[in-house]
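> Need the 3D shape of this:
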Amino acid sequence: DKLGIRASSTCPVLLDDVRVPASAVLGEVGAGYRYAIEILNEGRVGIGAQMVGLAQGALDRTLPYLHERRQFGTPLIEFQAVAHEAADRGRAGRAGAAGV
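Numbers count the residues shown, from 1 in each chain. From the prediction side, this is the model:
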């Protein structure tokens, strides 16, 4: 089960002893690895954007909880370490969005 990316289906593909007729070859013979890496590199931007959205969604769910949940009679968000961590997560999310 993929964390947060259930709309993107993936599955293993096994090709053992496959013969492809010359008329069905796409691109240059022997360059398949290079083609695959180029395609994967192009997809990395989309994956980065998905992860930024996933992180933002987690933060959006966490912040109300930190305000509602109380420990020792005090909302969690009022504890300095918790507030710093929440702020750091927000900053990291914005930095990630700027990089995508």
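
> drop to CA atoms for contacts and neighbour counts, all remaining ones
Fine.

> How far does the longest helix along the chain sit from its chain's centre?
Of all segments of type helix in the chain, defined using DSSP state H, the longest is helix 32-68. Its chain's C-alpha centre and that of helix 32-68 lie 3 Å apart, by C-alpha atoms, centre = their mean, to the nearest Å.

> Go through it and flag the buried ones.
For helix 32-68, the neighbour count (16 or more other C-alpha atoms under 10 Å) marks A49, Q50, M51, V52, G53, L54, A55, Q56, L59, L66 as buried.

> Then stretch 78-91?
Neighbour-count burial for stretch 78-91, with 16+ other C-alpha under 10 Å as criterion, is recorded at A86, R89, G90.

> And that stretch, how far out from the chain middle?
22 Å.

> can you tell me the average pLDDT over it?
Stretch 78-91 carries an average pLDDT of 92.

> what does it rub up against?
Q56, L59, L63, L76, I77 (C-alpha atoms under 8 Å, 6 or more residues apart in numbering).

> Please give me every residue in contact with the second one.
Put plainly, it is L59. Shown in contact with L59 (C-alpha under 8 Å, 6+ apart): A86, R89, G90.

> for the residues you listed, which one is nearest D16?
The closest of the contacts of L59 to D16 turns out to be R89 (C-alpha to C-alpha; 45.0 Å).

> so the closest one is in which element?
Here R89 sits within helix 80-99, counting by DSSP states H and E.

> tilt between that helix and helix 32-68?
Angle of helix 80-99 versus helix 32-68, following axes from the mean of the first three to the mean of the last three C-alpha atoms, to 10 degrees, is 140 degrees.

> Figure out how far helix 80-99 is from the centre of its chain.
Distance of helix 80-99 from its chain centroid, counting by C-alpha atoms, centre = their mean, is 16 Å.

> switch to numbering from 337
With 337 as the first residue, the last one maps to helix 416-435.

> what number of residues lie near the nearest residue to A391 once chain neighbours are set aside?
Nearest residue to A391 in three dimensions, chain neighbours excluded: G429, at 6.5 Å (C-alpha to C-alpha, 6 or more residues apart in numbering). For G429, the count of nearby residues is 19 (other C-alpha atoms under 10 Å).
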